[in-house]
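Trainee: can't give you the sequence, but here's the structure:
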């Protein structure tokens, strides 16, 4: 009798185990397929850029394929596109940012006049900029990027708390506090067309500055991972956001971030 009871209880257990294994296999296949599609997101973004900005050949005449791939033509066309973007930005009254990767210079401009400049010590760009058709990229860069939102380790407008003196004997001239050694500058500017500009401060071998950048990047990666997981559960394809990453001295990165408006513009020359 006991043997029969044991046999009967083992069968439901086997059925439950089989269902768990089947469910695990289905979840694994779904996650693997979604991961594969996520890895295709950069290619999808590349196709989108080329579809919107690639050279539209007229019925008669137009540029030939050899010219479109010529390095000299590409360089001159990039220079023209950069000037077009800067002219567009000069029509506004706000401070704007021009990033010239050819000479590693970041400039704050007002009405086309440079009011502040800084040297970029390092530059990294997404592979989308090199994988895509170069004419399409040039066409993309002929218009300024508009900032939609930002994530930064510093406030855009610093708040200074000051106690008013009770009489003239307690009065002290106001001194602008030097916060360069108290706060680390790492910034992400996200544009309305799905691109990201990362502005990092130089660490110069500083362990605290390096750890802060690591933590800042880790938080960004976790946000991206959360976004991908949400897309997976809602059956939406994640959108890849090409990036440009530059490194500036801390003081200059801070000044540039606070000079341009929250919904400001920037132009890029690659």
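Mentor: Perfect, I can see it now. Since the model is a prediction, treat every value here as computed from it, not as a measurement. Numbering: from 1, shown residues only.

Trainee: Can you give me the end-to-end span of stretch 191-198?
Mentor: Counting by C-alpha to C-alpha, to the nearest Å, you get 11 Å between the two ends of stretch 191-198.

Trainee: Which residues does it contact?
Mentor: 45, 99, 145-148, 186-190, 239, 241-246, 266 (C-beta atoms under 8 Å, 6 or more residues apart in numbering). The way it works is simple: take the backbone N, C-alpha and C, and place the C-beta from them, glycine included.

Trainee: next one: stretch 86-104
Mentor: For stretch 86-104, with C-beta under 8 Å, 6+ apart as the criterion, the contacting residues are 82, 105-112, 114-115, 119-121, 123, 125, 143-144, 197, 244, 246, 256, 259-261, 264-270.

Trainee: Same question for stretch 251-259.
Mentor: With C-beta under 8 Å, 6+ apart as the test, stretch 251-259 has contacts from 95, 97, 106, 108, 115-116, 118, 150, 152, 154, 156-158, 179-180, 185, 187, 199-201, 248.

Trainee: redo that, cut-off 7 Å
Mentor: 95, 97, 106, 108, 116, 118, 152, 154, 156-157, 180, 185, 187, 199, 201 (C-beta atoms under 7 Å, 6 or more residues apart in numbering).

Trainee: Please flag which of the residues you listed sit within strands.
Mentor: Per DSSP state E, strands hold the following members of these: 97, 106, 108, 116, 118, 152, 187, 199, 201.

Trainee: May I see these organised as TSV, with pLDDT and neighbour count added?
Mentor: Below are the ones in strands among the contacts of stretch 251-259 laid out as TSV (pLDDT from 0 to 100; neighbours: other C-beta atoms under 10 Å):
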residue	pLDDT	neighbour count
97	97	25
106	97	21
108	96	21
116	95	15
118	96	18
152	95	17
187	97	22
199	97	25
201	95	26
